[in-house]
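S.K.: Quick one, fold the following:
(2 chains)
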Amino acid sequence: MSAHAPLPFWRRYIFSTDHKVIGLQYIFTAAAMAVVAVTLSVLIRFQMTWPGTQYPIMGTLLPNAYEGGVLKPESYLSLVTMHGTIMVFFVISIGLVSGMGNFIIPLQVGARDMAYPFLNMLSYWTIVPACLIMIGSFLVEGGAAAGGWTSYPPLSALPEALPGSGMGQTLWLLGMALFIVSFTMGSLNFLVTILNLRTKGMSMMRMPLTIWTFLISSILGILAFPPLTAAAIMLLLDRHGGTSFFLPSGLVVGGNVLAYEGGTPLLFQHLFWFLGHPEVYVLLLPALGIAFDVVATFGRRPVFGYRTTVWSLLIVAVLSMIVWGHHMFTSGMNPYVGEYFSVMTVMITLPFTVIGLNLIASLWRAELRLTTAMLFALGIISAVGTGGLGGLYLGTAASDIYFHDSVFVVGHFHFMIGVVTSFGIFAGLYYWFPKMFGRHMNETLGKAHFWMTTAPVFYAFIMMHYIGLAGALRRVYDPSVYEYIRPFLQMNVWITYALFIAVAAQMVFFVNLVYSAFRGQRASENPWEGATLEWTTASPAPHLNWDEPPTAYHGPYEYRTNAAATGYTPQHVPGESPSGGPPERGSGPPPDVPADPPSEPSMAGDPS
Amino acid sequence: MNSRKQTLEAVALVVLFGGIMILTFAGFAMRDWMPPAASRHAEGMDGMIRYLLWTTGAVFVIGHGVLIRFIWKFGRGGEAESPVTSARAERLWSIAPVVAMALISEVGVLVIGLPVWDEVYGEVPEDALIVDVAARQFEWIVRYPGPDGAFGRTDPAQINGQTNPTGLDASDASGADDIVERNVIRLPVDRPAYLRLRSHDVLHSFSVAAFRVKQDIIPGLIGSTQFVPIEVGTYEIGCAELCGLAHYRMRGTVIVMSQQEFDAWLREQSGGAA
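M.R.: Just a heads-up that it's a prediction; the model follows:
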């Protein structure tokens, strides 16, 4: 389709500036990192479920972490820390946001590439060394960082306080710094592309909700990450430059009085969560956006409440920037400030209520097509409700005193930024796979993947809420040391078995991914009868997407909106919108724009 | 997709989401989860948690109920009526749930939660027993002021893990009679306890599940927590904030005893001087 001479291999697939190739590079990088992070979680589950068991084979494979075959406590903390770090920043962030975003944003807004293709390539190639540094940190003396994914000082600042706080923590900070640089460049690219490169007629209120969520996600990313950069630099200086940003005087570690004075660890907590909380929405919102698109296409009806959803997303974005303190209710901050954060935090429930209900209502009078992508989208609806309601227990300051740092928190955030986000990636992959590879993913394997994943993860993470309700604390190497928790520990065994099934399901997914990319059933240009612009180009989408980008004449979800309630009207087909169109001002294409011919013959009931 | 297969899948989805509902409620009804409340504010906090369990439980059931209903009604194939709704209807659909959630969440925070928050962080009662608790990797150093009622000064440079774990300053006479213990806090029942919390090294968090107490300890700041134990007994202290490789072993005990027993113990510690 492209008139250009084909680029050499290394420009096409390695140092590519094509947003689709970069998107896939991100997704595969995330997949590789996911293998690492899931492996860590398996080791965590073994230790937490059968503490202190001797595994001679592990003693042979990893003699530094498994002394005599038994996992060392400090290595357990490294596992927990790196599992969290890798999952949040190197799997979900780069897989869902950078990966899916890169692939789909230009295609859905009708752009031929990102606004800054070179910057895009640069941001991908910045994440690669970050990943290598993170993985490499397992090999240094003292092991990988072990101060938790939050890396609170003083623990993370003082090598004498924790083995992992030596070289491992330094590498963690360097890896994070590179990640932030990469992610900020990526967010900027998303923002500019969405604001400036929309095709003719693609007004803001005609954008698919996926694009809205990526837009808000990138704004939040740009606003929230710089404070973490500052915190990382200050922590590096405290560690290596003799400063005391986060370290007060009078610290005594290992019998020695340390020569710091004047800082406070609380400052780091504020900086970390000023990023950390918006980051949750940076990850969560795109998954919801994808769910909306998938539900509309496979429900054969417009998204319910497009406008209320957009407004709710904007309100979530504003609120998400001013509630970070709810991670610190018990930190000893002023109790009045704590109450403020609590009042604002539970207010986030309100826009989320609208978003969640609109997702459910988008099934009303739908003609559901239960594809694998649709199943995962339905899973997102349930998970965001389950996890979201759990958030009220933590956002309410009084009850958070009991739940803070308990396994309840672990169950909660695994729902929100574990299940919802990874289901977002899965739904997106099954949905857009034809556009990526020109082939379908295998639906039988896909459904096996869904069922083997969903039932176990819901079971496991709901039960974690209950173990937390019993008062079990997180990050505990051997939970059986607490007498009052012992009666509940049998549950860990079942949770572990359930999660192992879910891990096995991911192997089915990987097999499907690789098999289908090469051998899957060939896909047509618009196999799902989707109305958005990505379905107007070939499958797989060629370099630069279109010779001439299509024009948008309608909102993104004109499914069965005509009088007969049949068929659909793709965005690029000229004519009146059957639903009356998104009621906004002064958009719509200029009348002299040549109209693309409708490319799909099966549009029964299309009035054009 | 043939409609028989689709019907089966819709049934499976209904079973899945119904199962999630049942699991959640069966899980809750299965056993008493929380340790028996042993402090005065615990009752309020448990009330707060019960309130959330009922309200969020109801929302959870309604939400999943509608989800299941829609999957069942619209998921088995066949044609559906026109899905077009007016913008006005869509706004209206949002309003009632938003008002309901606003009430549920803010009533929880302000009406039910705030009094509990105030009990935990409000004024310190005058008759409170003040105990100094210093956290260090990986133990709790507990100190009572002794007969003179005054805590001696501490000096980080004089800390010695074996002989002077809290770093009592030898030059301050008021510290001479301080009673220092490791990992055991003795408290009289029904008397407010005010714990002064300090850390020598990294973050820790003082947590006693039975008292519904959890308070992070920030090195460089003197924090506090207060509660009124209402049951004689022995309770486990945990460290809730990651503090190093033996974080999991940083445990202690609160022994709640009658006022007479407590006084007798104090006298014994001070060599019968008081």
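S.K.: I'd like to know the phi and psi angles of B:Leu129, please.
M.R.: Dihedral pair for B:Leu129: phi -90, psi 120, per degrees, to the nearest 10.
S.K.: ok, now which ones touch it?
M.R.: Each residue near B:Leu129 by Cβ atoms under 8 Å, 6 or more residues apart in numbering or on different chains is listed here: B:Leu187, B:Pro188, B:Arg191, B:Pro192, B:Ala193, B:Tyr194. Just so you know, the C-beta spots here come from the backbone N, C-alpha and C atoms, and that holds for glycine as well.
S.K.: how close does it get to chain A?
M.R.: Noted for B:Leu129: a distance of 21 Å to chain A, by Cβ to the nearest Cβ, to the nearest Å.
S.K.: tally of neighbours for A:Val128?
M.R.: Counted with other Cβ atoms under 10 Å in any protein chain shown, residues neighbouring A:Val128 total 13.
S.K.: Show the subsequent helix or strand relative to the helix or strand hosting A:Leu215.
M.R.: Under the criterion of DSSP states H and E, A:Leu215 resides in helix A:209-240. Using DSSP H and E, the helix or strand that follows helix A:209-240 in sequence is strand A:252-253.
S.K.: who does the helix or strand containing A:Phe298 touch, helix- and strand-wise?
M.R.: Using DSSP H and E, A:Phe298 maps to helix A:265-299. In terms of contacts (3 or more Cβ pairs under 8 Å, 6 or more residues apart in numbering or on different chains; DSSP states H and E), helix A:265-299 is packed against helix A:209-240, helix A:306-320, helix A:349-361, helix A:372-395, helix A:421-437.
S.K.: got these as a markdown table, with mean neighbour count and distance to A:Tyr281 columns?
M.R.: Formatted as a markdown table, the helices and strands packed on helix A:265-299 follow (neighbours: other Cβ atoms under 10 Å in any protein chain shown; distance: least, Cβ to Cβ, whole Å):
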| stretch | mean neighbour count | distance to A:Tyr281 |
| --- | --- | --- |
| helix A:209-240 | 22 | 6 |
| helix A:306-320 | 20 | 5 |
| helix A:349-361 | 24 | 10 |
| helix A:372-395 | 26 | 12 |
| helix A:421-437 | 27 | 11 |
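S.K.: Export those helices as CSV, with columns for mean pLDDT.
M.R.: What follows is these, written out as CSV (pLDDT from 0 to 100):
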stretch, mean pLDDT
helix A:209-240, 96
helix A:306-320, 96
helix A:349-361, 96
helix A:372-395, 97
helix A:421-437, 98
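S.K.: export the ones you listed to a markdown table and tack on distance to B:Ile237?
M.R.: Below are those laid out as a markdown table (distance: least, Cβ to Cβ, whole Å):
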| stretch | distance to B:Ile237 |
| --- | --- |
| helix A:209-240 | 30 |
| helix A:306-320 | 35 |
| helix A:349-361 | 34 |
| helix A:372-395 | 22 |
| helix A:421-437 | 36 |
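S.K.: circling back: run through the neighbouring helices and strands of the helix holding A:Leu215.
M.R.: helix A:101-109, helix A:167-196, helix A:265-299, helix A:306-320.
S.K.: Compare the ones you listed and give me the one nearest A:Ser137.
M.R.: Nearest of the helices and strands packed on helix A:209-240 to A:Ser137, taken as Cβ to Cβ: helix A:167-196 at 3.9 Å.
S.K.: The closest one relative to helix A:101-109, how many degrees between them?
M.R.: Angle between the axes of helix A:167-196 and helix A:101-109 is 10 degrees (criterion: axes from the mean of the first three to the mean of the last three Cα atoms, to 10 degrees).
S.K.: could you give the angle of helix A:167-196 to helix A:209-240?
M.R.: Using the same axes, to 10 degrees, helix A:167-196 lies at 150 degrees relative to helix A:209-240.
S.K.: Check the stretch 1-150 of chain A for the residue nearest chain B and tell me.
M.R.: A:Glu74 (3.9 Å; Cβ to the nearest Cβ).
S.K.: which residues does that residue contact?
M.R.: Counting by Cβ under 8 Å, 6+ apart, A:Glu74 touches A:Gly143, A:Ala146, A:Leu162, A:Pro163, A:Gly164, B:Leu245.
S.K.: Flag the shaky bits of the stretch 1-150 of chain A, pLDDT-wise.
M.R.: A:1-5 (pLDDT under 70).
S.K.: Helices along that one, start to end?
M.R.: A:9, A:19-49, A:56-61, A:73-85, A:101-109, A:117-136 (DSSP state H, counting those that start in this stretch).
S.K.: of the ones you listed, which approaches A:Gly254 most closely?
M.R.: helix A:73-85 (14.7 Å).
S.K.: Alpha carbons of the closest one, as CSV, please.
M.R.: Output of helix A:73-85 as CSV, limited to C-alpha atoms (Å, rounded to 0.1, in the frame of the first residue of the first chain):
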residue,chain,number,x,y,z
PRO,A,73,14.2,-13.9,54.3
GLU,A,74,16.0,-11.1,52.5
SER,A,75,15.6,-13.0,49.2
TYR,A,76,11.9,-13.2,49.8
LEU,A,77,11.8,-9.5,50.2
SER,A,78,13.7,-9.1,46.9
LEU,A,79,11.1,-11.4,45.2
VAL,A,80,8.2,-9.3,46.6
THR,A,81,9.8,-6.0,45.7
MET,A,82,10.8,-7.0,42.2
HIS,A,83,7.5,-8.7,41.4
GLY,A,84,5.7,-5.5,42.3
THR,A,85,8.1,-3.2,40.4
